[in-house]
Structures are given as structure tokens and as C-alpha cells.
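Enquirer: Okay, here's the prediction I keep looking at, along with the sequence it came from:
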Amino acid sequence: MTVQQDLRQQVLGREVDLSAAAERVVPLGREKVLETLNVGREGTNRREFLSYAWACALGLLTLEGGLATYRFMSPRFSAGTFGGEIHLGPAAQLPTTDFDPQPNTTGKFWLINTEDGPHALYMVCTHLGCLYKWEPANNRFKCPCHASMFTREGHYIEGPAPRSLDQFRIKVIDGDAKLSETEGAGDQILAPATGSPGSEVVVDTGDRIRGLPAALSPARAKNKTD
Ligand code: FES
């Protein structure tokens, strides 16, 4: 009978201290004997279980981090707040074309109406980001920081600003149908046609159109020829 067979018989026949028994079989080695007796499998399973638990926890943590990053990178803006759509009501309620620009502090734009349609001028100066003001006496916008000036329609007149004022896209809708919207074309930005008086005017403050370079401004060209 081999040493292993002898030891297995002892184990099967009566209760013994396995660890002590294993120690006695020095030539075989403790690990070899325990392996023969199928002892230690429970320990391996526990290690495996802990490994799986750690892997699951790590996976959940990574998933949570990924979701948080996605939410941060893809912000959702609600209607009626800056970054979302601002509904201005029926086109019939727009100020008349000879009216001074109307500030909309929620949407951060100046609303003006022209013969071609409405414009929503972003309130921030295109030079270094100051808030420019409306000067009714001079019928123009002027920035208090470095004196850049812009026409009522947002065209660059003079000063260090590199371009005309930025604008938010305006959509004119009738129910689910979009009738027209602000477009950039050539050396100007075209206002949307307002359609019927009942059509609704919506400013999308998440969609900003950059003003055209100062050199292309019709107001600046006019000043040069004056
Ligand atoms: S920030 Fe407006 S002119 Fe400089």
C-alpha cells in the first residue's frame, strides 16, 4: 500500500487532523498530499469567488464612470432656459421694425425685428466677451470695455472686435411644420420670414451662428466710402 493509499484510508475511516497527517508525509510534500485527498478545493473556490466579485465591482464602477462622463459630455437643455429653445409666441407679437432692441436675459440675446424678419443677437461682445449695451441716442450697440460698435442689426462698425455679433438661429413654425429659419448666406445672415401672423417664433439658444469677419461687414464698408 502506498503512502497516499494509507493516508486516504485513515481519512475515510476516522476523523484525523488532515494538516498534521500531511506533515507526516514529508517525502511527498504537503501540497501533493492535500491535492491527492482533494483537500483545498474549497479554498480555490473561495479565491475564484473573490476574483469574480472584484471583477464585477470593477466592471460596475467603470460602467458608472462611463455613464457619468457621457451625461457630462452630452448636456440636455430644457426648453425655456439658456441653451435650449425659447418660444417667443406668435409672430404678430414681435416688436415693430422701428422698435429699439429688446433684451431677453433668459436667452441672453437682444431681439430685433427688421423688414426681412427677426434676429436674436447674442449679448456677448465678439472681442473679449464683455456685455455690450444699446445706445438709443446713437441707434447702435457699444461695448463698454474697448468701445467696439455694432449696428442695430449686429454688423461690425469699428473697434477691436474681429467680427460682427453672433446670432442665435430663429425658427418660425406652424404646429409641427417649420416655415423658415435664420440662414448664413454670402456676406450676411438672413432672418427668417415670419409667415402668417399666427405662426410661432422660436429662438434656439443652443445654435449660435458666428458673426461675419469685420472686413466683410456692410456697415464698415459704408463707413469707409463715407
Ligand atoms: S470686449 Fe467688447 S470691445 Fe473688447
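Expert: Everything's here; your move.

Enquirer: How far off centre is the helix or strand harbouring residue 56?
Expert: For residue 56, the element it lies in under DSSP states H and E is helix 41-73. With CA atoms, centre = their mean, to the nearest Å as the basis, helix 41-73 stands 28 Å off its chain's centre.

Enquirer: got it, and stretch 146-158?
Expert: 31 Å.

Enquirer: same question, stretch 102-121
Expert: How far stretch 102-121 lies from its chain's middle: 25 Å, per CA atoms, centre = their mean.

Enquirer: Kindly check the end-to-end length of that stretch for me.
Expert: In stretch 102-121, first residue to last residue: 10 Å (CA to CA, to the nearest Å).

Enquirer: Does that stretch reach the ligand?
Expert: No: applying CB under 6 Å from any ligand atom, one finds stretch 102-121 out of contact with the ligand, separated by at least 13.5 Å. From N, CA and C alone the C-beta is placed, and that goes for glycine too.

Enquirer: residues of that stretch that come out buried?
Expert: Counting neighbours by 16 or more other CB atoms under 10 Å, one finds that the buried residues in stretch 102-121 are 103-104, 107-113, 117-121.

Enquirer: Give me the residues contacting it.
Expert: 80-82, 86, 88, 94-97, 99, 101, 122-124, 134, 141, 152-154, 165-168, 170, 172, 180, 182, 189-194, 201, 203, 205 (CB atoms under 8 Å, 6 or more residues apart in numbering).

Enquirer: Cross the buried residues of stretch 102-121 against strands and list the overlap.
Expert: Members of the buried residues of stretch 102-121 lying in strands (criterion: DSSP state E): 103, 104, 109, 110, 111, 112, 113, 118, 119, 120, 121.

Enquirer: ok, and the closest non-adjacent residue to residue 210?
Expert: Among residues not flanking residue 210 along the chain, residue 166 sits closest, at 5.5 Å (CB to CB, 6 or more residues apart in numbering).

Enquirer: Same check on residue 207?
Expert: Spatially, and ignoring its direct neighbours in sequence, residue 207 is nearest to residue 169 (4.2 Å; CB to CB, 6+ apart).

Enquirer: Need the contact partners of the helix or strand harbouring the one you found.
Expert: Counting by DSSP H and E, the element that carries residue 169 is strand 167-174. By CB under 8 Å, 6+ apart, the residues outside strand 167-174 that reach it are 91, 107, 109, 117-122, 154, 178-182, 189, 191-196, 198-205, 207-209, 211.

Enquirer: Put the alpha carbons of the longest strand seen in the chain into CSV.
Expert: Scanning the chain for the longest strand, with DSSP E as the assignment, gives strand 200-209. Output of strand 200-209 as CSV, limited to C-alpha atoms (Å, rounded to 0.1, in the frame of the first residue of the first chain):
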residue,chain,number,x,y,z
GLU,A,200,-44.8,80.9,-33.8
VAL,A,201,-41.3,82.3,-33.3
VAL,A,202,-38.7,80.2,-31.6
VAL,A,203,-35.1,81.1,-30.7
ASP,A,204,-32.7,78.2,-30.4
THR,A,205,-30.0,79.4,-27.9
GLY,A,206,-28.1,76.1,-28.4
ASP,A,207,-27.5,77.0,-32.1
ARG,A,208,-25.2,80.1,-32.5
ILE,A,209,-24.2,81.5,-35.8
